[in-house]
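> Kindly return the folded structure for what I paste below:
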Amino acid sequence: MRIAIVGQQDFGKAVLEAFLARGDEVAGVFCAPEKPGARPDTLKVVAQEKGVKVFQFASLKSDEAKTALRGLNAEIGIMAYVLQFAPQDFVNIPARGTIQYHPSLLPKYRGPSSINWPIARGDTKTGLTIFRPTDGLDEGPVILQKETHIGPDDTLGTVYFDRLFPMGVQAMLEAADLVVAGKHRELAQDESQATYEGWFRDSEARIHWAHHADAIYNVIRAANPAPGAWTTLNGVKLQIFDARKHPVRTFGAVKGKIGEVVEAGAASFQVTAQGGRIEVLRAKLGEGKKLAAAELLASGAIKAGQLLGT
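So this is what the prediction gives:
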């Protein structure tokens, strides 16, 4: 089939490579312009290496973008991780229209941080959706969905890189085949089940030690590796990445105050929260690098008795 890809970064690159590997013709690639001083987008780099035309428009609403897409005579458009708004008079240009990837089970978790939020809320499953893009954000009819579990210790990184990323690449191939062959179905999203969440950024990733240990652990997992759950130590930002949760089962097992470093061993330190303790294995203090907790402990930066969140 002859396709046009609209995308960015590593997922867009992987989708491009997957279509090329099986012999499809990629007529052109659209990716957002890089910010001044930024490295070239990985999708752009690989497309150029493969001899694929690359287009970078500040807006896909522009007449130039539409003219460029028309000139490719693509059978289908493939939207693989797209942050630019693509209007209907752009996505409908390919003969079979356009399909888009979204890493949640739509209509739940519409929005830009749809992998973080299910983890932060303690959900036990998530998935991906291939759908028809409309002018509403993640609101178009569904073509294909795939589910995956969220384990109790899964992080943003494991859910995305181990499962939703490779599953998403294969789902794009599968959905494109169905659409081009005219064998697909389009199912309207159930608006009664729809949810929308915005960005999961620093403000959402802040740790509140008075919250239950379960909720804190979920936030840490949802923010690992980015943006990084955080607290403060003597007014300096302390980001927590790899961690474990330890429930407290008796009153006698409770140690210290909420937010206090109550244990500092050779390889980790533990902080008291409601209902349990958070054991920190990897963290970043201030402008330093991500370090194993053992290195922070050896440096004397973290000590038993310190109170976090101050």
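> In contact with the spatially most distant residue from the centre of the chain, which residues?
Going by C-alpha atoms, centre = their mean, the residue of the chain most distant from its centre is Gly252, 40.1 Å out. Contacts here follow C-beta atoms under 8 Å, 6 or more residues apart in numbering; on that basis Gly252 touches nothing. Bear in mind the C-beta positions are built from the backbone N, C-alpha and C, glycine included.
> secondary structure class for it?
helix (DSSP: H, G, I helix; E, B strand; the rest coil).
> Now Arg277: which helix or strand?
Using DSSP states H and E, Arg277 maps to strand 276-280.
> which other helices and strands contact the following helix or strand past that strand?
Downstream of strand 276-280, the next assigned helix or strand under DSSP H and E is strand 282-285. On a contact count with 3 or more C-beta pairs under 8 Å, 6 or more residues apart in numbering; DSSP states H and E, strand 282-285 meets strand 236-240, strand 291-292, helix 293-299.
> Which parts of the chain are helices?
9-21, 42-49, 63-70, 88-91, 116-120, 156-157, 165-180, 213-222, 293-299 (DSSP state H).
> right, and the ones you listed - which one's nearest Gln56?
helix 42-49 (7.2 Å; C-beta to C-beta).
> Off-centre distance for that closest one?
22 Å (C-alpha atoms, centre = their mean, to the nearest Å).
> Then stretch 291-309?
29 Å.
> What is the end-to-end distance of that stretch?
Terminal residues of stretch 291-309 are spaced 20 Å apart (C-alpha to C-alpha, to the nearest Å).
> which of the residues in it are buried?
Of all the residues in stretch 291-309, those buried under the rule 16 or more other C-beta atoms under 10 Å are Leu291, Ala293, Glu295, Leu296, Leu297, Ala301, Ile302, Gln306, Leu307, Leu308, Gly309.
> same deal with stretch 3-12?
Result for stretch 3-12 [16+ other C-beta under 10 Å]: buried residues Ile3, Ala4, Ile5, Val6, Gly7, Gln8, Gln9, Phe11, Gly12.
> Quick check: of the residues you listed, which lies closest to Asn234?
Gln9 (36.5 Å).
> need the contact list for the closest one.
Asp41, Thr42, Leu43, Tyr81.
> Glu139 too?
Glu139 touches Pro107, Arg110, Gln189, Ala194, counting by C-beta under 8 Å, 6+ apart.
> Next one: the closest residue in space to the second one that isn't next to it in sequence from Ala65, what distance?
Setting aside the residues directly before and after it, Arg110 is nearest to Asp138 in space (C-beta to C-beta, 6 or more residues apart in numbering), at 3.9 Å. If you measure Asp138 against Ala65 using C-beta to C-beta, to the nearest Å, the figure is 21 Å.
> same check, this time on Leu233
Counting by C-beta to C-beta, the gap from Leu233 to Ala65 is 48 Å.
> His149 too?
For His149, the distance to Ala65 - C-beta to C-beta - is 39 Å.
> Which one of these two is surrounded by more residues?
Neighbours were counted for His149 and for Ala65 using other C-beta atoms under 10 Å; Ala65 has more, 22 against 13.
> does that one really touch Phe55, like I thought?
Yes. Counting by C-beta atoms under 8 Å, Ala65 touches Phe55, with 7.1 Å between them.
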